[in-house]
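Enquirer: how would this look folded up:
(4 chains)
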Amino acid sequence: MRRNRSRTRAWAVVSLLIGALFASSAWPGAASAADPIKIGFGMALTGGLAANGKAALIAMQLWEADVNKKGGLLGRPVQLVYYDDQTKGATVPGIYTKLLDVDKVHFVVSGYGTNLIAPAMPIVMERKLVFPALFGLANNEKHNYSGYFQIMPAGPRPAIDWTGTYLEVAARQTPKPQTLALVGADAEYPHNALAGIRENAKRLGFKVVYDSTYPPNTVDFTPIVRVIKAQNPDVVFVASYPPDSAGMVLAAHEVGLQPKMFGGGMVGLQFAALLTKLGPKLNGIVNYDFWVPEPTLKFSGIEDFLKRYQAQAEKAGVDPLGHYLPPWAYAYLQVLGQAIEGTKSLDQQKVADYVRTQEHDTIVGKVKFGANGEWATSRVLQVQFQGIETTDIAQFHKAGKRVVVWPEQYKSGKLIYPYSSAMK
Amino acid sequence: MVWLDLLLNALAAGILLGGFYAAVSLGIALAFGLLDIVNIAHPVFVMLGSYVAYGMNARFGFDPILTGLLFTPVFYALGVLLYRVYYVSFERKGAESLRGLVFFFGVLFIVEVSLLLAFGVDYRMVEARYIGETFQIGPVGIAFRLLVPCVVGVALTGALYLFLSRTFYGRAIQAVAQDSFALRLMGANPFRVKGIAFGLAIATAALAGALLIMIGPVEPAMNREYIGRVFAVAVLGGMGSIGGTLVAAIIVGVAESLTSTFYGPSWGVAVSFGVLLLALAVRPSGLFGR
Amino acid sequence: MSAEAFLDVQGVTKRFGGFQALSAVSLQVRQGERFGLIGPNGSGKTTLINCISGTLRTDGGRIVFADQDITTLPAHRRTRLGIARSFQIPKPFTSMTVLQNLMIPIEYAGRGHRDGVVDEAMGILGLMGLAAKAHVPSAALTQIEMRKLELARAMAARPRLLVSDEAMAGLSSTEVDDILAILFELNQRGITIVMIEHIMRAVMRFSERIAVLDAGEKIAEGGPDEILADKRVEKAYLGE
Amino acid sequence: MGARSFGAVALAVVVAGLAVTRVLDNQYYYFAGYVVLQYVVLATAWNILGGYTGYVNFGTPAFFALGAYTAVVLIQSLKAPLAIQLVAGAIISGLLGLALGYLTLRLRGVFFSIATLALAVVLQTMFINWEYTGGARGITLVRPASAPLFGNYVQFLFVVMLGLAVLAVATAWWIERSWIGRGLTAIRDNEEAAECMGVPTLRLKLVATTVSGVLMGLAGAPFPYYVTFVEPTSVFDLNYAVNSLAMPMIGGSTTWIGPVIGAVLLGTAQQIATVTISSALNLLLVGLILVAFVILAPEGIVGLVQRLARRSGERTRRSGV
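Expert: Sure, this is the predicted structure:
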């Protein structure tokens, strides 16, 4: 009896294992349609960046549907082939070689984030492929590869141009603020941003009175904010990821930190999750953004895109606003698609040349790349949170809550300065 | 003067944080310290508690603490069930704790991914009126967001302490840690007693999770950042000493807070682990070891 | 210090935190002797033999074995010098067979005879009456067999001094006789034996000399008859 | 398996690997194969300490990362060739292993495991704050385009990792068969009894931790050129700890073949899952398989096969009478 039971159990394990292997290998990579143009990429669908990665994927699938509805590219349908990179750089080389050598995709585009773009670079360069990339900071700095194009509008000197705008805004106030406190998380983006802002501080004549980083799993930010407050800086620049952005804003209110300007590089203040939780506590913060629903940024197609994105977002459990990453995920495919159409070719070199030399009309406006594949001129926005009275999500769909105060071209309102008078 | 101000505030913040760490670590102190069960998955149950608090808050507007209290029986039952599986599969066979450890590693993954599938990867927060409120005692500012978790954490510690020292089953749990033979003399069944203890350990996660989401936003993979910290506290606290756990939690909280304030927050976490390594090397039985 | 002492324990002291487990215990064992060590529960017997075998470091005092100071030697070095012990609670290598259990000390402690190791191990098992169990996993043994394995494994280290820690606790009286017979046999072959035991009948029958510990101190030493007549020993065992 | 046949198989594996690079040009298989082989090394290394000696190390990422960062430093400062990166990575990681070995003097069982977890966190914090290796920002490394004799550098890396895997498995195989292995098993079964039976426990544990550290460092050293971008969160990934522990557990932790089976099965399954089910289900699968195995088949696949074989053997014997 006992023997029997353990034998059954042994077989149960064996069949479980075989079943698992079978289930995972029998799954076809992607169904093949009639001779489509395949575009491959890895995307963070699990792991730390999955919230954004999933949102980007929705946008990219919308593009795929839109193109195919209009008859595809060069008369052929397009097909996205993608794998989950699990937000792990180590999976990226395998994924891109699989896409290129096994799935035989025609083009590859990048996944989301600096750390996941970087491991794909050598493969792309070896094969001289055109490589539109989605939100990586200075990925091409060391390689200077001519096929690389970054859709994020940081500008030709990414880390410097990005953070510079915040200090430009500060430097234009009277009397000009003098002292600056810097704080950020120990992670890739914040460290890059901090390095950038230090240079800008030197250039614009700010005196750095506090400069420190904290580990990503910090629970309580009040000690940090207190030390900053004790230095009494005029301007505070924070480079943080979503959980710490929330922690910082809450701690700043609790401690009563009131510099003349507060914000800068906080990731997360573009997403509904944090906007609707922090609500009125956001008032007065000046933070970077790439697109907000202000009248100065109503490019053609964006509103329609957002409506369709938002319809799907709820179900997928991703950011219901979709102002941050999704339009850009749509746009970098638009650029690639326009180049394929423009050159009437699938030749990597020709497409890359076209992308580099032409101006592209997308849902995020006109895109023009510079020599190193970054935007020719920076289009990082600084927005100020103004007049938020509730935590209701509907207000963030409308103009007037996130007012563009920089650059001049897209300005939609006046900066309320100093921070304390905008807090109410 | 500024320096003194910062010191006082850092101490206060550290103590508040410590109260919260105690709530998160109590389950480990019980399971690992008293029952010798290396439940490395405890932090993931704390996350589960956070998501329950989030769900009840988003859907019905329940206060997170209320949710935490309401769900302790559910978590307790979950703990008892988990202990049954553990007992049947490992403890009864006398298998070494190594396999139990791997088992809990697997449980960690299963719960984490289930949360991921159910709630997605976005950050979640709760709303409560007192979040964001703060008051001032002299130069020291105290945030409700941190005060409430600390008070609840200390209360939980106190309640557990009273339970363990004043009730029959509490004393039985203490006894089972020493010697299950003595327990039989008391007329209690060790299996049952251990089930109760493990159930309680998991039950504390319901409340601890509610506290966690009150302090800041959460996402499913966050539990991993607490694994080291809670074991540090439990070991430092002397393995199963409830009072010791509270003191150790406060030491870790204050150490992190002081390092953040005076040396740079970057090293805060490393410091608490450094304290742990040192404690392990010099005094493996913890500060308040038996 | 007695010139003829084979094992010479000189004023050994051991503390655990604030608890004084041994205070300046001295005793001498002669070569070839059968020595008994008794005392009530918690009197420090096991602590003392842990200090002798090297699993615990002493806080004070000296231990000399065969004219060599071994106070700071690690346990495995002492085993190689010829001190072997059995454990009160059997600690077999559970993943190994009975024979493999014996191979460990043969290989590690009794150096320089790689040939015939299996024969040697089988010889010891034969002496212990375990030969039939040689290829059985050690975890599957009965209580008495475990005890015998403990002794067999200690023997495999080729000891000159064997410390037997309560090898008979919980055994029936015929089983006790079994073990005693084995220990006598070993002593016949020239092995000095220190026996820690609760079973008075066995100690008294076996030992030539006996030392008594109480609360970490040696309170008496002498032949079995002297010990039985000693008032302090009686008090230690029976209370006031 | 005897020494001769083991050697023959090892040689055959290496030759086969080299032959593959002559005929197969599809890059994907090298990238995917590299990862599986890397796990063979890590799982085997872990098992020397965890499986043979019974000390559970959660700090695999620390050793792996130390190997990787040693290579980064050498690339940054000297543009040193891969061979030197490997040797240096092995030495530095081995030294950390040695230090860990001394930790076992005071810490047994679970305490040891927690200390290794803490070790990984402290080391990660150090690398986050060390600007020379890129700090938290990470560092981009330009991989040589080609290697002599191989043409493609990735094929070269694949063969290197294959060689390391054979080296690791051969080391485990040798240890298992030698007096060291028997001593380690005695330590795992009962450390106090082992010491009292003449086993120099400290010295053997130092051997185990150092060898384990060396092999993990070797696994990490080629990683910078494999991935070309190194940053702390990716090399200190908890997944290395989970996998290097789960693979021997699933394969069977008492013999050298167990980790190999576990690494090949689980590693391949993960590689396939990455490009198929492409979701959280991948992780869920690992968790479920792990739990199923520790509950139902605690001796791993090797134990399971042995059990089935023994039983069918018994049955034939019985029917023969």
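Enquirer: which stretches of chain B form strands?
Expert: B:134-137, B:140-143 (DSSP state E).
Enquirer: what's the distance between the residue of chain D found nearest chain C and C:Phe93?
Expert: Of the residues in chain D, the one nearest chain C is D:Gly198, at a distance of 3.0 Å by C-beta to the nearest C-beta. Bear in mind the C-beta positions are built from the backbone N, C-alpha and C, glycine included. From D:Gly198 across to C:Phe93, the span is 13 Å (C-beta to C-beta, to the nearest Å).
Enquirer: what is in contact with the two at once?
Expert: Counting by C-beta atoms under 8 Å, 6 or more residues apart in numbering or on different chains, the contacts common to D:Gly198 and C:Phe93 are C:Ile104.
Enquirer: picking that back up, gap between the residue of chain D closest to chain C and chain B?
Expert: 24 Å (C-beta to the nearest C-beta, to the nearest Å).
Enquirer: which residues touch that residue?
Expert: The contact partners of D:Gly198, taken as C-beta under 8 Å, 6+ apart, are C:His76, C:Thr79, C:Arg80, C:Ile104, C:Pro105, C:Tyr108, C:Ala109, C:Gly110, C:Ala157.
Enquirer: Can you flag which of these belong to strands?
Expert: Taking DSSP E, every one of the contacts of D:Gly198 sits outside strands.
Enquirer: May I have stretch D:238-257 exported as PDB, CA atoms only?
Expert: Listed in PDB are the C-alpha atoms of stretch D:238-257, where the atom choice follows Å, rounded to 0.1, in the frame of the first residue of the first chain:
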ATOM      1  CA  LEU D 238      18.000  37.200  -6.600                       C
ATOM      2  CA  ASN D 239      17.200  34.800  -9.400                       C
ATOM      3  CA  TYR D 240      20.800  33.500  -9.400                       C
ATOM      4  CA  ALA D 241      20.300  32.600  -5.700                       C
ATOM      5  CA  VAL D 242      17.000  30.900  -6.400                       C
ATOM      6  CA  ASN D 243      18.100  29.000  -9.500                       C
ATOM      7  CA  SER D 244      21.400  27.800  -8.100                       C
ATOM      8  CA  LEU D 245      19.500  26.400  -5.200                       C
ATOM      9  CA  ALA D 246      16.500  25.100  -7.100                       C
ATOM     10  CA  MET D 247      18.400  23.300  -9.800                       C
ATOM     11  CA  PRO D 248      20.300  20.900  -7.500                       C
ATOM     12  CA  MET D 249      17.200  20.400  -5.500                       C
ATOM     13  CA  ILE D 250      15.200  19.400  -8.500                       C
ATOM     14  CA  GLY D 251      18.000  17.400 -10.000                       C
ATOM     15  CA  GLY D 252      19.200  15.800  -6.800                       C
ATOM     16  CA  SER D 253      21.700  17.300  -4.500                       C
ATOM     17  CA  THR D 254      23.800  14.300  -3.400                       C
ATOM     18  CA  THR D 255      25.600  13.600  -6.700                       C
ATOM     19  CA  TRP D 256      27.400  15.600  -9.300                       C
ATOM     20  CA  ILE D 257      24.900  14.700 -12.000                       C
END
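Enquirer: does any part of it sit near chain A?
Expert: Yes. Judged by C-beta under 8 Å from any C-beta of the partner chain, stretch D:238-257 and chain A are in contact via D:Asn239.
Enquirer: That stretch close to chain C?
Expert: Yes. Under the criterion of C-beta under 8 Å from any C-beta, chain C is reached by stretch D:238-257 at D:Thr254.
Enquirer: ok now that stretch, how far from the chain's centre?
Expert: 8 Å (C-alpha atoms, centre = their mean, to the nearest Å).
Enquirer: isn't A:Val257 right up against A:Gln231?
Expert: To be clear, residue A:257 is Leu; Val isn't right here. No. Shown here, A:Leu257 and A:Gln231 do not form a contact pair, counting by C-beta atoms under 8 Å, at 10.4 Å.
Enquirer: about what we covered before: tell me the pLDDT at the residue of chain D closest to chain C?
Expert: Among the per-residue scores, D:Gly198 holds a pLDDT of 91.
Enquirer: Now stretch B:201-209: buried residues?
Expert: For stretch B:201-209, a neighbour-count test (16 or more other C-beta atoms under 10 Å in any protein chain shown) marks B:Ala201, B:Ile202, B:Ala203, B:Thr204, B:Ala205, B:Ala206, B:Leu207, B:Ala208, B:Gly209 as buried.
Enquirer: That'll do, ta.
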